[in-house]
Every structure is written in C-alpha cells, then in structure tokens.
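Visitor: Build the 3D model from these lines:
(one chain, ligands or ions: 1)
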Amino acid sequence: MKDLNNRVAVVTGAASGIGLGMVEEFAAAGMRVVLADIEKKPLDEAVARLTESGVEAIGVVTDVTDRRAIETLAAATMDTFGAVHVLCNNAGVEYGGLFEEVPPEAWRWVLDVNVLGVIHGCQVFLPLLRQQHEGHIVNTASIAGFNSSVPTMAPYIASKFAVVGLTESLAAELQTAGVPVGVSLLAPANVRTRMVEAERNRPADVPASLDTPTRRAVLKLIDDVMANGIEPRECGAMVADAIRNDRFYIFTEQIMAFDGVRNRLQRMDDGE
Ligand SMILES: NC(=O)c1ccc[n+]([C@@H]2O[C@H](COP(=O)([O-])OP(=O)(O)OC[C@H]3O[C@@H](n4cnc5c(N)ncnc54)[C@H](O)[C@@H]3O)[C@@H](O)[C@H]2O)c1
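Guide: Next up is the predicted model:
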C-alpha cells in the first residue's frame, strides 16, 4: 500500500505510547483512524486532540482479550468509515517476577492480552481487509521475541516469541495464497512509553507482582534505557514506512535483536 492517504487504520493500545505514535503518524499521512484501548480517559483525550486538529478519528473502548469486543470494534469501524485497510495489533502488557513467583493468573493475563489479543484481531479483521483488495496487518512483538536474555520477564518473553511465530506463519500463508494483505512484525525496544507501568491495567484476579531486588533492578534497567530511547512517534514513522514498502521486520534496535538470534544459533551450533 504505497499511498496511505484517505485509507482507514485501526490501532489497538492506541491511547498511549507506541499505539498513539502510530496513530499520529497515520493521521499525518492523511489516514482516518480508529483508536482502541482499554483505558477510556486517555482514549477520549487522544481522540479529542486528533479531531480538534481536523483528523477523522473515533475511539472505541476495547479489551483485546474479549473476542466480542474486537467484533464490536470491527463493526464500529465499518459503520463509521465503511472500510478498513490497516490493522495494528499493538496492545500489550508486561508482568514480571522470577519464574517460580509468577502466579498462573498473571501468566494467563499476559498471554491473553499479548497473544490471544493479536489472534482475535487478525481473525476478525482479515475478511474485512481482504474486501479492499489491499491491506496490511502490523503485529507488535518486541525485542523480547528475539532476545530472551533479561531475567524476571518469562511471561512477556514467551508471549512475544508467540507473536513472532504466529505473525511469520500468517505472512507466509497469505503470501502463498496470493492474498493481497501485507504483514509486518514490529519488534520495538527502548521506545519512551508507560510500558513499565503495565500493571495499571491488571485485572482484579491478578495479584500485584513481587517487589524483589532482582525485579527492581530489571525495571530500573528498562527505565534507564528507555530514557535514552526514541519517541513513540519515531516508531510510528518506521511502521508507516514499512507498510508503504511492504517490509516484514521492523526493528528499532536491530543489533539487540540480532545479538539474541546469533547467541541462540551459536549455542545450537556449539551443541550446548
Ligand atoms: N516501549 C517499548 O520500548 C516496547 C518494547 C518492546 C515491546 N513493546 C510493545 O509495544 C506495545 C505498546 O506498548 P507501549 O510501550 O506503547 O506501552 P504503553 O503502556 O504506553 O501502551 C500500551 C497500551 O495498551 C493498552 N492496553 C493494555 N491492555 C489492554 C487490553 N487488554 N486491551 C486494549 N488495550 C490495552 C494500554 O491501556 C496502553 O494504552 C506493547 O505490545 C509492548 O509489549 C514496547
């Protein structure tokens, strides 16, 4: 899709961070935008800011773990704009702790949002994207889908490896079948967002993660690295560029991702 002008984009996790950065970049390219997020107040504020500046935008409060909520999101998009061309499955959460400390409810929450949320989005929107004879899906994984070296992040790392696998598989299937829907995999790292505060959206049945010295050190490390990272809008520009040029992998820190893959390959090669 060389020209994004006048096309319609749906972005989940769009009320803040990378999702909002994508929305702003898409709007600047002349797209009409649908913002979906579980947080109503920042969602309403973002939509108000966009519409005041002349962008055609709507917000739909959506929990991506709920298949019916995604169906409602698709219906609202079609009712308002009559089409959808780009879908960004971007909502994601992180919950940490040493492996043995993470309760099953927390595992379920992270896998529900990060993996099932992406699956629901792809399955519900694919038939609508096909209708346009041009379309693009962008799934947000993470550097953690390529580099598993950080401790206390097992649920997050497992979920993002799953997003890498399902997105590579989806892209291959669509390409083989000649379906005119492009696919990209966004693997961000060090983008300045509220990711370390992801537990703000923790469901009532998920206990707060333990405040251990190891966990504190990891969060401080992520915070420090993020402080020197890029702005969400820059990440959004990389996504828009990948859609225009039909590029699959989008890395904000390519060396970190490649190091993770090379390290794994080396250990396999060494017979470790
Ligand atoms: N910031 C980074 O450097 C970085 C690195 C790797 C991966 N990511 C990924 O980028 C994506 C966006 O995260 P971010 O960094 O912008 O963080 P963020 O916390 O600023 O944004 C995440 C958004 O998702 C929303 N959300 C959470 N649960 C939801 C649900 N169940 N349904 C709908 N929306 C929900 C939140 O309300 C929030 O607006 C995530 O998938 C995250 O894993 C970010």
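
Visitor: Spatially central, which residue of this structure would that be?
Guide: By CA atoms, centre = their mean, the mean C-alpha position of the chain lies nearest to N90, the distance being 2.1 Å.

Visitor: can you pull the pLDDT of that residue?
Guide: pLDDT, N90: 98.

Visitor: which residues does it contact?
Guide: Counting by CB atoms under 8 Å, 6 or more residues apart in numbering, N90 touches 11-14, 18-19, 22, 138, 140, 186. For glycine as for every other residue, the C-beta is placed from the backbone atoms N, C-alpha and C.

Visitor: residues from the stretch 51-200 of the chain in reach of the ligand?
Guide: Contact residues (CB under 6 Å from any ligand atom) of the stretch 51-200 of the chain with the ligand: 62-65, 90-93, 113, 140, 142-143, 188-191, 193-195, 198.

Visitor: in whichever strand or helix holds A48, what counts as buried?
Guide: Here A48 is covered by helix 40-52, with elements defined by DSSP states H and E. For helix 40-52, a neighbour-count test (16 or more other CB atoms under 10 Å) marks 42-43, 46-47, 50 as buried.

Visitor: Next: stretch 69-83.
Guide: For stretch 69-83, using 16+ other CB under 10 Å, the buried residues are 69-70, 72-74, 76-77, 81.

Visitor: Name only those of the residues of the stretch 51-200 of the chain next to the ligand that count as buried.
Guide: Using 16+ other CB under 10 Å as the burial test, those include 62-65, 90-93, 113, 140, 142-143, 188-191, 193, 195, 198 as buried.

Visitor: Filter the residues you listed down to the ones in strands?
Guide: Those of these mapping onto strands are T140, per DSSP state E.

Visitor: Show me the shaky parts of the protein.
Guide: Judged against pLDDT under 70, the chain has no low-scoring part.

Visitor: ok, so what distance separates the closest residue to E56 other than its chain neighbours from T51?
Guide: Of all residues not flanking E56 in the chain, R32 sits nearest, at 4.1 Å (CB to CB, 6 or more residues apart in numbering). Separation of R32 from T51 (CB to CB, to the nearest Å): 11 Å.

Visitor: Find residues that contact each of the two.
Guide: Both R32 and T51 are contacted by A57, under the criterion CB under 8 Å, 6+ apart.

Visitor: did I read that right, L185 in a helix?
Guide: No. Per DSSP: H, G, I helix; E, B strand; the rest coil, L185 lies outside any helix segment and is strand.
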